[in-house]
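**Q** Sharing a model prediction with you, sequence too.
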Protein chains: 2
Amino acid sequence: MTSSNGIALYSYWRSSASYRVRMALNLKGLDYEIRPVHLVRDGGEQFGADYTRLNPQQLVPTLVDGQTVITQSMAMLEYLEETHPKPALLPADSAGRARVRAIAQAIACDIHPVNNLRVLKHLVTNLGLNEEQKLDWYRHWTETGLSALERMLATDEIDGRYCHGDSPTLADCCLLPQVYNAQRFNCDLSGLDRINRISDNLLDLPAVERATPENQPDAG
Amino acid sequence: MTSSNGIALYSYWRSSASYRVRMALNLKGLDYEIRPVHLVRDGGEQFGADYTRLNPQQLVPTLVDGQTVITQSMAMLEYLEETHPKPALLPADSAGRARVRAIAQAIACDIHPVNNLRVLKHLVTNLGLNEEQKLDWYRHWTETGLSALERMLATDEIDGRYCHGDSPTLADCCLLPQVYNAQRFNCDLSGLDRINRISDNLLDLPAVERATPENQPDAG
């Protein structure tokens, strides 16, 4: 894969934060190069010296646009929105933008971090949780978080194909990867009607389908 | 406290997410009413029916601006920046804005959520951790996260009184509350020279000082 506009994404196929950014890049129709970082092989390629210089937190993804290096997926989504405003992934009105960002942050801050790889590892290695207890932890926070999110999605009169009306937004870029993770760990998603419907609608978009973990060059 | 422009913040004095928004409101010179939500009393006032209607996640803070109700502190910071652009809490250039947001998100996503009240409660109640083990958990994630943040702050040539040059930004609104929490739980902050210096500089600002937990009407 080559890149005509100098955008590269250091990504791991199963990383949901990487998946968010792939969705935004594809929805905006941008050309970019995927540079795979394997989070498990060799103890984690994200801990290598070269990668640590790019991303001092030793996390994926990292977005490189020419000379600009950006860490943190939510900062990347906002950057892409500012530098490539069309098609917009935020609504035009401030209240709508706040709602989209709140949904995105409810996932990025309150669901995802409690269950990411380093926390799960710590629970097993340092607190001695067994596999079943680890899965209980995972499901507890995912199910609690997605239930609250379902309520958030229901509080507004804005309904439609996606989280905020009939165009995908930054909120959708966060939702679908979280649902993917939840399904992978067999979380109970019954009753989350809006979330399930929105996820299905998103996967119908070719740009989104190309961003899914299974369609990445490093999937395996 | 009355409000001339209709802004109200549902806040808990010790909630670091509330503290972030108080900092932004004060730095922008906005008048607002604090509506205290006690997170511990009566099993947690955030679980009440009226509050849950405002904030389906049952978390503080919630920002109300006229008819607009906003949840998630990072969405509030962006909203305030859009609706009250001066003084700016984001730099003008896209790369700088991305750096500020990345620092803010490194705190909001990778340090704070793993240690918030509901997670600590779960560790004690459901996993049987004792007080010392709970504090170990707290310190582990805070110290790991702040060390990575110190490296992030050092990677850029932009140095100054605050996280990004000589004007406070959204990154500072996230940093100081996290440092307050770290100090409260006796985390080891030695060697975090940039973080400690920036925190001291921030507390020298009267607008910031008025946002500190101890200066809130519900402190106690």
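**A** Thanks, I have the structure now.
**Q** tell me the secondary structure for the residue lying farthest from the centre of chain A?
**A** Centroid-distance maximum for chain A: residue A:128 at 28.5 Å, with CA atoms, centre = their mean. Here residue A:128 is recorded as coil under DSSP: H, G, I helix; E, B strand; the rest coil.
**Q** got it, and residue A:133?
**A** helix.
**Q** returning to what we had before: for the residue farthest from the centre of chain A, list the residues it contacts.
**A** Applying CB atoms under 8 Å, 6 or more residues apart in numbering or on different chains to residue A:128 gives no contacts. Quick note: C-beta positions are derived from backbone N, CA and C, even for glycine.
**Q** And for residue A:209?
**A** Residues near residue A:209 by CB under 8 Å, 6+ apart: A:203, A:215.
**Q** Next one: it, what pLDDT does it get?
**A** Looking at residue A:209, its pLDDT stands at 98.
**Q** again, but for residue A:40
**A** 84.
**Q** What number of residues are in the vicinity of it?
**A** 11 (other CB atoms under 10 Å in any protein chain shown).
**Q** Counting by contacts, list what the helix or strand in which residue A:197 is found packs against.
**A** Using DSSP states H and E, residue A:197 sits in helix A:193-203. Counting by 3 or more CB pairs under 8 Å, 6 or more residues apart in numbering or on different chains; DSSP states H and E, the packing neighbours recorded for helix A:193-203 are helix A:131-154, helix A:170-184.
**Q** got the angle between the longest one and helix A:170-184?
**A** For the pair helix A:131-154 and helix A:170-184, the angle between their directions (axes from the mean of the first three to the mean of the last three CA atoms, to 10 degrees) equals 150 degrees.
**Q** Give the buried residues for helix A:131-154.
**A** The neighbour-count criterion (16 or more other CB atoms under 10 Å in any protein chain shown) identifies A:134, A:137-139, A:141-153 as the buried residues of helix A:131-154.
**Q** is chain B contacted by that helix?
**A** Yes. For helix A:131-154 and chain B, the contact criterion (CB under 8 Å from any CB of the partner chain) is met by A:133, A:137, A:140, A:148, A:149, A:151, A:152, A:154.
**Q** helices or strands next to that helix in the packing?
**A** Helix A:131-154 makes packing contacts with helix A:94-110, helix A:117-125, helix A:170-184, helix A:193-203 when contacts are defined by 3+ CB pairs under 8 Å, 6+ apart.
**Q** of these, which approaches residue B:50 most closely?
**A** For these, proximity to residue B:50 was assessed by CB to CB; helix A:94-110 is nearest, at 19.0 Å.
**Q** count of residues packed around residue A:86?
**A** Using other CB under 10 Å, residue A:86 has 8 other residues around it.
**Q** Make sure it is indeed in a helix.
**A** No. Residue A:86: not assigned to a helix; according to three-state DSSP it is coil.
**Q** Phi first, then psi, for the residue lying closest to it once chain neighbours are set aside.
**A** Using CB to CB, 6 or more residues apart in numbering or on different chains and skipping the chain neighbours, the partner closest in space to residue A:86 is residue A:28 (7.6 Å). Backbone geometry at residue A:28, expressed as degrees, to the nearest 10, gives phi -90, psi 0.
**Q** how far away is residue A:28 from chain B?
**A** Using CB to the nearest CB, to the nearest Å, one gets 14 Å for the distance from residue A:28 to chain B.
**Q** Tell me the confidence at that residue?
**A** Looking at residue A:28, the pLDDT reads 98.
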